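**Student:** sequence below, structure please.
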Amino acid sequence: ALTVESPTRRAGDFGKVSEEMAAAAGGFWKSLTPEQQAKAHFEFKDEERLNWHFIPRERKGLPIKEMTPDQRKLAMGLLSTALSQKGLEKATTIMSLEQILHEMEKPNGKMVRDPERYFFSIFGTPDAKGTWGWRVEGHHVSINITVVDGKAIAATPAFLGSNPGEVKDGPQKGLRVLGNDEEMGRSIVKSMTDEQKAVAVFTKDAPKEMILVPKEKIRRLDPVGIGWSKLDAKQQAAVWTLIQEYANRLRGELAEQDLGKIEKAGKDQISFGWAGGLERGEPHYYRVQGPSFVIEYDNVQNNANHVHSVWHDPTSNFGEDLLRAHHEAEHNK
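**Tutor:** Numbers count the residues shown, from 1 in each chain. This is a model prediction of the structure:
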């Protein structure tokens, strides 16, 4: 049976975050019935921990649909320990878009799209000083957290999508949950000289889907597009602001960790690549990357009104490098 360790004093850089996550996961866990716990819990070593996706498919875990109002509050409290206020608003708004999709598609009496089909999973035992993980996932949201020894936290892959990208009618008309991600990327490429564009736009046709797909193990992608040193100061600032927009989906400590890694590797390692049309409504894709991160964004489907965006850490998706260091330290004891 899963027991929940109570959080104790601060341990290392992420001690406070680890304590908050363990306390929130523990409170959520204790509120569940045995049947609900059986759905929500997996061993930390279970392959399910790596089984992420963003399409509407059958999922494991405990769905919001099967939670009481109090349990839902505790579940969202857990989600809020990983995300910033802005990130939480984006994630919950994306969940609400499922209702709009349902009304747009009007399936034959079946609720194919459902804002309550978002699943919460706990891997291992929530412990402020332990190694465990948790996930919140459904259509167009996948937040994956790995805690190692209560001292290190990995928060990738982190995926948010939006369908529709822009709500075209009804009370929510004009809503663009990920509109900033699109406009910032486009404004960077449109600010370029013809010579810069010739390098930055690496293909005229946007790929049909993101390159790093969930079924594959994370890998380093060759840089595409234009390098940092070929951008002027204003363009460099715009690329950095775009990177911050993605990083700041996470709470401050986690965002600072990711941005710090990028700065440590050197901003001159950053590249920005664009594919597809430059005008709104034209299918497009962009990728921003460096040694410690890959941002992929695409808006291709539904007449370019269906957005996918993801942040990967090729060194530490699902805490891979943190767990390796943890196992080596254990082995050398």
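**Student:** on the three-state scheme, residue 134 is what?
**Tutor:** Of the three states, residue 134 takes strand under DSSP: H, G, I helix; E, B strand; the rest coil.
**Student:** where does the stretch 201-333 of the chain dip in pLDDT?
**Tutor:** 331, 333 (pLDDT under 70).
**Student:** then stretch 152-164 to CSV, C-alphas only?
**Tutor:** Output of stretch 152-164 as CSV, limited to C-alpha atoms (Å, rounded to 0.1, in the frame of the first residue of the first chain):
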residue,chain,number,x,y,z
ALA,A,152,16.1,17.9,-7.8
ILE,A,153,13.0,18.3,-9.9
ALA,A,154,12.6,17.7,-13.7
ALA,A,155,9.4,19.1,-15.3
THR,A,156,9.7,17.9,-18.9
PRO,A,157,8.2,17.0,-21.3
ALA,A,158,5.7,19.9,-20.8
PHE,A,159,3.1,20.1,-23.5
LEU,A,160,0.2,22.5,-24.0
GLY,A,161,-2.0,22.6,-27.2
SER,A,162,-5.1,24.5,-28.3
ASN,A,163,-7.9,23.4,-30.5
PRO,A,164,-9.3,25.7,-31.7
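**Student:** from the chain's centre, how far out does that stretch sit?
**Tutor:** 1 Å (CA atoms, centre = their mean, to the nearest Å).
**Student:** renumber starting at 773 from here on
**Tutor:** New numbering, starting at 773: the last item is stretch 924-936.
**Student:** buried residues in that stretch?
**Tutor:** 924-936 (16 or more other CB atoms under 10 Å). To be clear about C-beta, it is placed using only N, CA and C from the backbone, and glycine gets the same treatment.
**Student:** which of those residues fall within strands?
**Tutor:** Under the assignment DSSP state E, these contribute 924-926, 930-934 to strands.
**Student:** so which of the residues you listed comes closest to residue 912?
**Tutor:** residue 933 (3.4 Å; CB to CB).
**Student:** taking the buried residues of stretch 924-936, tell me the two that lie furthest apart.
**Tutor:** 924 and 936 (37.7 Å).
**Student:** can you list the buried residues in the helix or strand harbouring residue 842?
**Tutor:** Following DSSP states H and E, the helix or strand that holds residue 842 is helix 841-851. Residues 843-844, 846-848, 850-851 are the ones in helix 841-851 that count as buried (16+ other CB under 10 Å).
**Student:** what's near enough to touch the residue nearest to residue 979 when sequence neighbours are not counted?
**Tutor:** Leaving aside its sequence neighbours, residue 979 sits nearest to residue 1057 (CB to CB, 6 or more residues apart in numbering; 5.5 Å). Neighbour list for residue 1057: 978-979, 982, 1046-1048, 1068-1072 [criterion: CB atoms under 8 Å, 6 or more residues apart in numbering].
**Student:** which parts of the stretch 973-1105 of the chain are strands?
**Tutor:** Secondary structure of the stretch 973-1105 of the chain (DSSP state E, counting those that start in this stretch): strands located at 973-975, 998-999, 1043-1048, 1056-1062, 1065-1071, 1079-1084.
**Student:** in three-state terms, how would residue 808 be classified?
**Tutor:** Under three-state DSSP, the three-state class of residue 808 is helix.
**Student:** now, which of the buried residues of stretch 924-936 sits nearest residue 822?
**Tutor:** The nearest member of the buried residues of stretch 924-936 to residue 822, counting by CB to CB, is residue 929 at 9.8 Å.
**Student:** ok, the closest one to residue 812 distance?
**Tutor:** 20 Å (CB to CB, to the nearest Å).
**Student:** likewise for residue 1071?
**Tutor:** 33 Å.
**Student:** neighbour-wise, which of the two wins?
**Tutor:** Neighbours per residue (other CB atoms under 10 Å) separate residue 1071 from residue 812, with residue 1071 holding more: 29 against 24.
**Student:** now do whichever helix or strand comes after the helix holding residue 842: distance to the chain's middle.
**Tutor:** Next along the chain after helix 841-851, taking DSSP H and E as the criterion, comes helix 857-877. Centre-to-centre, helix 857-877 and its host chain are 15 Å apart (CA atoms, centre = their mean).
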